[in-house]
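**Student:** need a structure here:
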Amino acid sequence: MDQRLAVFDEKMGKTMNNLAEEFGGIRAGRANPHVLDKLRVDYYGTPTAIQQVANVSVPEPRMIQIQPWEASMVKEIEKAILTSDLGINPTNDGKTVRLLFPELTEERRKELAKDVKKKGENAKVAIRNIRRDANDSFKKLAKEDVSEDEIKQLEDQAQKMTDKYIADVDRAVEAKTKEILTV
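**Tutor:** Residues are numbered from 1 along each chain as shown. So this is what the prediction gives:
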């Protein structure tokens, strides 16, 4: 791959990774420890990921169990979950925090599916913006004695790359939507 294209390919790849991370945080009726990825707890004055202060496991399909390494962290973890947008009330027995995921209602599933489509559209817009930046940078190459044919070839390759990533986004959205709507 042309070095001038590789930069934009990497940016589009990062957009896809970001989308995958966002999709990992959307719960689909099953307990997924990735819903905790963005949560931070106050660990001696430092915002820290829950996974770094506790053992997170999924003992049952609709339950996440969080076992802090220090008993004092139970309250902090509970507070972080309550103030998040997870919409789940944690329970604790003094040593462990449990999150029980209720079955999703049909309405909630449709809402989540819409959210997935919206995140997919945002990713497509980001990819198209990267293509535009690529094309702008290729047009500037004309000033540096690069032939019009070579510029046209770079633009075509950028378009093919964009098409590939847009198709990847569509597949990811379709898969996540199917996962959400499957009861």
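**Student:** quick one: low-confidence ranges for the protein?
**Tutor:** Applying pLDDT under 70 to the chain picks out residues 1, 27-29, 183.
**Student:** Show me where the protein has its helices.
**Tutor:** Secondary structure of the chain (DSSP state H): helices at 3-24, 73-83, 106-140, 148-181.
**Student:** Could you name the helices and strands sitting against the longest one?
**Tutor:** In this case it means helix 106-140. Judged by 3 or more Cβ pairs under 8 Å, 6 or more residues apart in numbering; DSSP states H and E, helix 106-140 is in contact with helix 3-24, helix 148-181. Backbone N, C-alpha and C define where each C-beta goes, glycine included.
**Student:** and what of the second one?
**Tutor:** Contacts of helix 73-83 with other secondary structure elements, assessed using 3+ Cβ pairs under 8 Å, 6+ apart, are made with strand 40-43, strand 63-68, strand 97-100.
**Student:** Identify whichever of those strands lies nearest to residue 177.
**Tutor:** strand 63-68 (23.0 Å; Cβ to Cβ).
**Student:** in that closest one, what's buried?
**Tutor:** Buried residues in strand 63-68, counted by 16 or more other Cβ atoms under 10 Å: 64, 65, 66, 68.
**Student:** follow-up on the earlier one: as TSV, the helices of the chain with distance to residue 55 and mean neighbour count would be great.
**Tutor:** Formatted as TSV, these follow (distance: least, Cβ to Cβ, whole Å; neighbours: other Cβ atoms under 10 Å):
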stretch	distance to residue 55	mean neighbour count
helix 3-24	19	16
helix 73-83	11	17
helix 106-140	28	16
helix 148-181	26	16
